[in-house]
Structures are given as C-alpha cells and as structure tokens.
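Q: sharing a model that was predicted from the sequence below.
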Amino acid sequence: MNIYLREIKSSRKSLFIWCIAMIVFIAAAMGKYAASSYVSGQSLNDIISQMPEAVKSMFGADRFDLSKAIGFYGAMFIYVVLMAAIHASLIGANIISKEEDDKTAEFLMSKPVSRTKVITSKLLAAITNIAVFNIITMLSSIYFVGYYSKGENVTDDVIRLMVGVLFLQLIFMSLGLCFSGFLKNPKLASPCTVGIMLATYILSLAIDINSHLSGLKYFTPFKYFDAKNLIYGNGFEIIYIVLSVLIISVFIFAAYVFYQKRDLKI
C-alpha cells in the first residue's frame with residue numbers, strides 16, 4: 001500500500017478548493033486596486049496616512065506605496081499569508097490524527113509498515129500539498145500583480161514573498177504534525193495548532209502597533225519574513241532562516257518521537 005499516493009489522492013479535492021479560493025482572493029484584491037486607480041497614487045497614500053496608527057499597522061497600509069500594484073499587493077499580502085498558514089496548520093494537524101478520528105488507524109497499523117514509514121509518507125504528502133498550494137499562489141500573484149503593474153517587473157518580488165510564505169507554511173505544518181503525534185485526543189490537534197498560529201499573528205500585530213514589543217519578534221514567525229523588508233529592504237535575514245529551519249526540524253523530530261511512543265486511539 002502506497003501511503004503517500006493514498007494521502008495525495010484523499011486530499012486533492014480539499015487542495016483544489018483552497019487553490020481556487022486563493023486565486024479568487026488575489027484576483028478580487030488586485031481588481032480592487034484597479035478600481036481605485038482613478039484616484040492618484042499620492043492621494044490614496046495621503047488618505048491612508050490619515051488613518052489611526054493602529055488601523056494602519058493592522059492592515060500594513062502605512063508601509064507600502066499604494067500607487068503601485070506591488071505596493072498594494074504587499075499591503076494585502078498578510079491575508080495571503082494567513083490563508084497559507086491556516087491551510088498548512090490543518091494539513092499538519094490532520095494528516096496523522098485523521099486515521100484515529102476516522103477509525104482507520106487499526107487498518108493502517110495492521111499493514112507491514114512501521115510507524116516511521118507511516119509518518120514519513122504522510123509528511124511527504126503534507127509537504128507536497130503545501131508546495132502545490134504555494135506554487136499556485138505564486139503563479140496567480142505574478143499574473144494578476146503583473147497585469148496591473150503597468151510594465152514593472154514584479155516577478156522577483158513575488159517570488160521572494162512566496163519563499164517566505166513557504167517557510168511559514170512549513171513551520172505551522174510541522175507544529176501541527178507535532179501536536180498530532182503528541183496529543184492523545186486527535187480532535188485537539190487542529191484547534192491547538194490554529195490557536196497558536198492565530199496567537200502569533202496577533203503578537204505580530206501588537207509589535208507593529210507598539211515598537212516597545214519589538215524584542216518579542218523572535219516568538220512570532222509572521223515577523224521573520226516581513227513583506228516590506230522582502231520588497232523594499234535587503235531581502236531575507238540569515239538569522240530568521242536559521243531559526244525557521246531549527247523550529248521546523250525540532251517539531252518534526254518531536255513528531256516522530258511522540259508518535260512512536262503514543263498509544264493510538266482505535
């Protein structure tokens with residue numbers, strides 16, 4: 001029994017829906033940019049500058065040049081990140097725990113395969129789902145942002161943003177995998193993973209609003225690959241790449257250890 005192919009087949013419908021939702025969201029967002037183009041870019045930036053600091057920080061509108069398509073995309077990019085993070089969290093949390101939730105764990109474990117092989121196959125399937133979702137998001141972003149960018153080259157900026165998103169996806173996917181291997185109740189893996197993901201997002205908003213909290217940026221992956229830095233700054237920072245790889249490695253290793261020792265709920 002090829003567990004990897006079984007997982008890919010069982011998740012293809014969900015992946016298709018997520019991809020369509022992302023494409024529609026990006027198209028609608030950039031369509032809104034086109035609709036607001038009758039206002040000069042400077043006027044739109046001036047309107048944004050008059051908003052309360054908390055509101056500007058929440059939407060990231062104070063950090064981008066909204067007169068350009070890539071700037072508008074950068075301002076709404078946090079919602080792309082959130083959708084990708086939620087998808088990755090659910091994939092990681094469910095890909096193992098669903099066997100117990102669906103009462104198929106006994107059937108799976110009766111086969112001549114080790115738990116190590118089971119979790120490895122499911123991990124590869126989860127990574128494949130994440131990669132496909134990331135690539136579809138990147139291609140649709142390049143198309144729609146490029147369409148409204150008036151000849152400017154936005155491909156490199158979008159690729160940098162999506163590489164950052166991929167790191168975030170892997171972080172939350174590995175966190176979900178760790179929870180699904182550790183928690184005795186498989187139904188708790190998804191809410192715990194998504195709950196922590198949302199908590200780190202709220203922390204990133206708090207840091208944007210209050211600069212005195214900047215020291216907490218290492219505790220929220222949403223600050224590791226900030227859209228403004230990737231578009232206008234120096235790109236990726238080595239410390240955040242190393243920290244991301246370390247976090248992913250620790251969570252995946254923990255998932256293997258916990259799943260090997262845990263009594264399955266059959």
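A: Now that the structure is in, tell me what you want to look at.

Q: where does the closest residue to Ile252 other than its chain neighbours fall, helix, sheet strand or coil?
A: With sequence-adjacent residues excluded and distances taken as CB to CB, 6 or more residues apart in numbering, Ile252 is closest to Ser174, at 5.0 Å. Any C-beta I mention is one placed from the backbone N, CA and C, and that applies to glycine too. Ser174 falls in the helix class when you classify it by DSSP: H, G, I helix; E, B strand; the rest coil.

Q: okay, now Ser174: neighbour count?
A: Neighbours of Ser174 under the rule other CB atoms under 10 Å: 25.

Q: kindly provide the distance from it to Ala93.
A: Distance, Ser174 to Ala93, using CB to CB, to the nearest Å: 11 Å.

Q: contacting residues around the residue nearest the centre of the chain?
A: Centroid-nearest residue in the chain, with CA atoms, centre = their mean: Ala85, separated by 2.7 Å. Neighbouring residues of Ala85 by CB atoms under 8 Å, 6 or more residues apart in numbering: Leu168, Gln169, Phe172, Met197, Tyr201, Phe222.

Q: phi, psi for Ser14 please.
A: Main-chain torsions, Ser14, degrees, to the nearest 10: phi -60, psi -40.

Q: that one: how many residues sit nearby?
A: A count of neighbours around Ser14, defined by other CB under 10 Å, yields 14.

Q: do the same with Ile78
A: Neighbours of Ile78 under the rule other CB under 10 Å: 18.

Q: the one 10 residues further on too?
A: Neighbouring residues of Ala88 were enumerated by other CB under 10 Å; the total is 29.

Q: tell me if I'm right that it and Gln169 touch.
A: Yes - Ala88 is in contact with Gln169 according to CB atoms under 8 Å; the separation is 3.9 Å.

Q: where do the contact lists of those two overlap?
A: Ile130.

Q: run the chain-centre distance for stretch 23-40.
A: 22 Å (CA atoms, centre = their mean, to the nearest Å).

Q: what does stretch 116-130 give?
A: On CA atoms, centre = their mean, the centre of stretch 116-130 falls 17 Å from the chain's centre.

Q: how about it as CSV, C-alpha atoms only?
A: The C-alpha trace of stretch 116-130 is given here as CSV (Å, rounded to 0.1, in the frame of the first residue of the first chain):
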residue,chain,number,x,y,z
THR,A,116,8.3,5.7,11.0
LYS,A,117,7.4,4.9,7.4
VAL,A,118,3.8,6.0,8.1
ILE,A,119,4.8,9.4,9.4
THR,A,120,7.4,9.8,6.7
SER,A,121,4.9,9.1,3.9
LYS,A,122,2.4,11.4,5.4
LEU,A,123,5.0,14.1,6.0
LEU,A,124,6.0,14.0,2.3
ALA,A,125,2.3,14.2,1.3
ALA,A,126,1.8,17.2,3.5
ILE,A,127,4.9,18.9,2.0
THR,A,128,3.6,18.2,-1.5
ASN,A,129,0.2,19.8,-0.7
ILE,A,130,1.9,22.8,0.7
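
Q: re the thing from before, in strands, which of the contacts of Ala85 fall?
A: Assigned to strands by DSSP state E, none of the contacts of Ala85 qualify.

Q: name the nearest of those relative to Ile135.
A: Closest approach to Ile135 among the contacts of Ala85 (CB to CB): Gln169, at 11.5 Å.

Q: spit out the contact partners of Leu216.
A: Neighbouring residues of Leu216 by CB under 8 Å, 6+ apart: Leu203, Ala206, Ile207.

Q: gap between it and Lys150?
A: Counting by CB to CB - Leu216 and Lys150 are separated by 39 Å.

Q: just Ile142 next, same as before
A: Ile142 is 15 Å from Lys150, by CB to CB.

Q: more neighbours: the two, which one.
A: Higher neighbour count among Ile142 and Lys150: Ile142, with 19 against 9, using other CB under 10 Å.

Q: many thanks, have a good one.
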